[in-house]
Each structure stands twice: as C-alpha cells, then as structure tokens.
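[1] Show me the folded form of this:
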Amino acid sequence: MNARTVFRRPLSTTERMYFPMRELAPPFLMQLVVPGEGDLDPELLRRAVATAADATPGARLMRQGGDWVDTGIAPAVRVLPGHRLTYPALESDPVLTSPIGPTPETTVEVLLLTGAPTTLVFRVFHGVMDGMGMVLWVRNVLRALRGEEPVAQRDPVADQELVDRIGAPGKPTPMVPRYRSAVGRGRQRRGLPRHLLRHRRIEVAGPGALARVCALLAAETKGTSRIMMPVDLRRHDPALRSTANLALPLFLDIAPGQDWTSIKEQIKTGLGEQRELNQLANTKITLVPDAVNRGVLHTTNWLGARTGRNLASATVSHMGRFTGEELAVPGFRPTGLFVLPQHSVAMPLLFGLTEFDGHTDLTVSARNGAGIEVRLEALLDRIVAMLASELPVPNARR
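    Reported below is the predicted structural model:
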C-alpha cells in the first residue's frame, strides 16, 4: 500500500475517552446482532467482509500514536460452530463477553454463530465507530454478500473536525454527578458480573418509542432524570461519508410524570437549536494523561454504585428501522436486528432500540450491583408492557 494514500485520521477527544473503558468495562464493544433463517458460507462471508472493508477503511483501523491508521487488513471472521446466544443473561455468554481478536489492538471483527438461528454478530470498539457508523459498516457487508457495490465511507472526519467546521451554538451542559437511576444503586461485589446485558423483543412497533421509554424511566426515578440521547452529526452534512464517531449527546432533563409527547417536543426543540454540538467541549477532559482519565472514570463508577449519583440517569438511543427484505442476502434472510450497547462506568443504564418488520427490539447494558438484577428485570417488564399497550400492532400500521 502506498504510504501517501493510506487512510488515516486523528483521534478525536471523544475517542480518547474510550480507551480506559476497555480496562474498566470490558470488552467495551458495541455489538450488532442479526439472527436469521438459512445459512452463510464462511468463505463467502470473509470475502464480503474484505470487499466491504476496502470501501470502509474505518473497519481496518489501528491506533498509531494520536492517529487512527488503516492497516489494510480486513476484520477477522470467526466461525463459532453450533453456538447460540445465552439468553436471558447475555452477560454470561462466553462469546459476547470475549475480547475482540485476533490481537489486543484489533478494533472490529465479525462472528458467525451456526447454532439455530444462524446469527451474525458485528463487534466494534467504540473508539473507531459510533452506532450509526457501525450500521453503515454492516450494510456494506450485506451489500457485498449480495454482489452489490458497497457505498464508500472514506472521509477521514470524526466529531471534532465536523464541529470545528460547523461551530457550536452555545455552552456545554455541566456534567455533575447528581442524577438517580430507575434501578437504584447497589454495591458491586467481587465474583459477580460488573455489568448486565439483556434483550427483549416486543411484537409491536411505531413512532415515539424512545420518548415513551424516557418518560417511563423518569417516572421510576426519584427527582429529575437526565437522559442522554446520542444524536447523529451526519445530519449536519448529508454528503459526509464516514463511519467515525459522529455522535454527540442531547441531554433531556425530565421530571417524574412528564408526558412522552412533551419529551418528544423537548427533543425536537433541542435538535432545532443544535444543542448536541455544544457537548464536544466536555470531551476535552480526555486530553489529560490516560492514568488521570482512568482515575476519573473509576471515581465516577464508585459514586454511581455506592451513592446512586450519576452524570446521567441513562442513555437511550434509537438505531433505526429495518426490514428483512432490505437486509436479505442469498441463502440468508434476517429475522431481526438489535444492538447490544457497550458497558459504561460513567452511567448506570444504556438502552438501545431498533424496529424490525413490525416489532421492536429493546436492549440494555446495566451497571450491576446488589439488588440491581431483580430491579432491572422488573423495569424491563414495565417497559415492555407499556410499549406493547401504547404502540400499534403491526397490522394496524397499514
């Protein structure tokens, strides 16, 4: 590869924040899961991954000093014969909890689980991509499996460069650990998983799911809740083609009992005022030495687990709407798509929502602790019941 044409880009301050997380909240990966009907040939999958990576160099990055640099090496495809995901306690699944491979510096890999149902798992270190960047990467792999041309994602641009170009309209939201969680607090114990990972499928789908979940979380929490909603910055430059970290948070302060429609208006107002662009300034704390950054995150986790005071009550993210028809490849038709959030020490709950062929997938990573698991399952039951009663059934949507 000609050194003058190698894809590279600087690490943004947001991305620097994620390196200590690999030690504090392993494996610190976003994982996009695609179960389906049929079979996939491993060699065809490896070729498709290599083809997609040629168009998506963000899938081949390795850190070199202060830069991400394209290695030219396609992500590994690991085949796990007969493996099925371990439900309901996904945090105990030996595959989902394993380190990414084949080396500690690896940032992206693809798993093929051949136990029924056949399942693809795309694993991504958050330092190289955000959630929507991961979706763009996955779509390119599926395009390559269909024999289509992947959409090139070669712009070496992450959040920092984009915000510097656009400009921030105001000041960042102060980050103060004062917000309670809908599952309360619980001292973390040795020998138990430090994080829980759960998934629920709800046989309804429709608009307003994110705002409804936010409203329920606030109703279950003492005092004002602060919900962090990641916003895709690509909306500010539709021509941008990058899988890098291009998401910043819109913070929603919600009182118990606040109606979901008012939360939806709060989101609309925040997006209209482009408030998410202000939050890049908060990431400058990562310019301190890694050891200091690690210490700050460790203290943040201790405060949340022991005192119940967090920088935010939860993150709630909607990753989009998908259909089996648009994602199907020869011999394999997806029957779902959901994102397993990375674990965090900075906040107690990270929720992910996706819509697929008339149903909704809800996932959550939760900071574990004494009593948390029982309260989390009860909370998920209430969220599922609420969405099932308030969202339209599939046939009613037509």
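[2] how close does L311 sit to R226?
    Distance of L311 to R226, given as CB to CB, to the nearest Å: 8 Å. The C-beta positions use only the backbone N, C-alpha and C, and glycine is treated the same way.
[3] Residues in contact with both of those two, list them for me.
    Taking CB atoms under 8 Å, 6 or more residues apart in numbering as the contact definition, L311 and R226 share the neighbouring residues Y179.
[4] pLDDT value on R275, please?
    What the model reports for R275 is a pLDDT of 97.
[5] follow-up on the earlier one: more neighbours: which of L311 and R226?
    Residue environment comparison for L311 versus R226 gives the larger neighbour count to R226, 24 against 21, counting by other CB atoms under 10 Å.
[6] for that one, what are its contacts?
    With contacts defined as CB under 8 Å, 6+ apart, R226 is in contact with Y179, F251, L252, D253, I254, L311, A312, S313.
[7] Show me which positions of stretch 205-218 end up buried.
    Neighbour-count burial for stretch 205-218, counted by 16 or more other CB atoms under 10 Å, picks out A205, G206, A209, L210, A211, R212, V213, C214, A215, L216, L217, A218.
[8] Kindly list the main-chain dihedrals of the residue nearest to D93 when sequence neighbours are not counted?
    What sits nearest to D93 in space, not counting adjacent residues and going by CB to CB, 6 or more residues apart in numbering, is T86, at 3.9 Å. Geometry field for T86 lists phi and psi as phi -90, psi 100, criterion degrees, to the nearest 10.
[9] Distance-wise, check T86 relative to S389.
    From T86 to S389 the distance is 29 Å (CB to CB).
[10] neighbour-wise, which of those two wins?
    In terms of neighbours (other CB under 10 Å), T86 is the more surrounded of T86 and S389; the figures are 15 against 8.
[11] Confirm for me that the more buried one is in contact with L113.
    No. When contacts are counted by CB atoms under 8 Å, T86 is not listed as touching L113 (11.1 Å).
[12] Could you pull up the contacting residues of P177?
    T300, L303, G304, R309, N310, L311.
[13] same thing but at 6 Å, please
    Under the criterion of CB atoms under 6 Å, 6 or more residues apart in numbering, the neighbours of P177 are L303, R309, N310, L311.
[14] just to revisit the earlier point, so for the residue nearest to D93, what pLDDT did the model give?
    According to the predicted model, the pLDDT of T86 comes to 95.
[15] Kindly report the same for A346.
    Confidence per residue is given as pLDDT, and for A346 that number is 87.
[16] Show me which residues of stretch 36-44 are buried.
    Of the residues in stretch 36-44, those with enough neighbours to count as buried (16+ other CB under 10 Å) are G36, L40.
[17] ok, and what's touching it?
    Outside stretch 36-44, the residues that reach it (CB under 6 Å, 6+ apart) are V79, T118, G331, F332, R333, P334, T335.
[18] What count of nearby residues applies to the second one?
    For T118, the number of neighbouring residues by other CB under 10 Å comes to 20.
[19] and what of the first one?
    Residue crowding around V79 was assessed by other CB under 10 Å; the count is 14.
[20] T286 - that's part of a strand, no?
    No. Secondary structure assignment (DSSP: H, G, I helix; E, B strand; the rest coil) places T286 in helix, not in a strand.
[21] That one: how many residues sit nearby?
    T286 sits with 20 neighbouring residues when counted by other CB under 10 Å.
[22] Next: the one 10 residues further on.
    Applying the criterion other CB under 10 Å, we find 16 residues in the vicinity of V296.
[23] The closest residue to it other than its chain neighbours and V292, how far apart?
    Spatial nearest neighbour of V296, excluding adjacent residues (CB to CB, 6+ apart): I285 at 7.1 Å. Relative to V292, I285 is positioned 9 Å away (criterion: CB to CB).
[24] picking that back up, check the contacts of stretch 36-44 for burial and list the buried ones.
    Restricting the contacts of stretch 36-44 to buried positions leaves T118, F332, P334, T335, with burial counted as 16+ other CB under 10 Å.
[25] Which residue ranges of the stretch 151-300 of the chain form helices?
    In chain order, the stretch 151-300 of the chain shows helices spanning 159-166, 209-219, 260-272, 290-307, with DSSP state H, counting those that start in this stretch as the criterion.
[26] Pick the most buried one from these.
    Among those, the stretch with the highest mean neighbour count (mean count of other CB atoms under 10 Å) is helix 209-219, at a mean of 23.
[27] Does anything pack onto it? Which helices or strands?
    Applying 3 or more CB pairs under 6 Å, 6 or more residues apart in numbering; DSSP states H and E, we find helix 209-219 packed against helix 260-272, strand 314-322.
[28] Please list the residues outside the shortest one that contact it.
    Read that as strand 314-322. Outside of strand 314-322, the residues that reach it under the criterion CB under 6 Å, 6+ apart are 131, 210, 213-214, 217, 227-230, 337, 339, 349-356.
[29] burial of E23, as a residue count?
    12.
[30] got it, and L24?
    A count of neighbours around L24, defined by other CB under 10 Å, yields 17.
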